[in-house]
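Chemist: fold the following for me, if possible:
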Amino acid sequence: MKKKFYKTVKVEKNDITYLDRCFFVDYYILETQKSTERHGYIKSFGIEAVKRYTDYFENNVIQEDRAYDITQSENEIYAFAEKLARNTVTPVCLADAVSDFIGEEEPEKSAV
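Modeler: This next block holds a predicted model:
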């Protein structure tokens, strides 16, 4: 697996939970290769989101989540990562964002 840094987003919060009144979310692109019988290897891309902050008690807190095998398109994963960054999707919400993205990518089903 390869992990490539994509972007960091700083979020200002007027909340005593965050000592510096902000937190950061780092986004990474994950690349894996799957073995297939017919094509050798196929690249697959995923996302990792890491939220970092210092809490009121001066503890460094890190929350993270990853989603693998979201798409086989490098262009799609970068567009998705940009959408996550624009909307400041945190690790807690990553699974929901991925589900929504995958749902968008499914072809429409006809009523029979």
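Chemist: pretty sure residue 14 is in a helix, no?
Modeler: No - under DSSP: H, G, I helix; E, B strand; the rest coil, residue 14 falls outside any helix and is assigned coil.
Chemist: residue 85: how many residues sit nearby?
Modeler: 17 (other C-beta atoms under 10 Å). In this view, the C-beta of every residue, glycine as well, is placed from N, C-alpha and C.
Chemist: how far does whatever helix or strand it lives in sit from its chain's centre?
Modeler: Using DSSP states H and E, residue 85 sits within helix 74-86. Its chain's C-alpha centre and that of helix 74-86 lie 9 Å apart, by C-alpha atoms, centre = their mean, to the nearest Å.
Chemist: right, and the helix or strand after that helix?
Modeler: Next in sequence after helix 74-86, counting helices and strands by DSSP H and E, comes helix 94-105.
Chemist: that following helix vs helix 74-86, what angle?
Modeler: Taking axes from the mean of the first three to the mean of the last three C-alpha atoms, to 10 degrees, helix 94-105 and helix 74-86 form an angle of 130 degrees between their directions.
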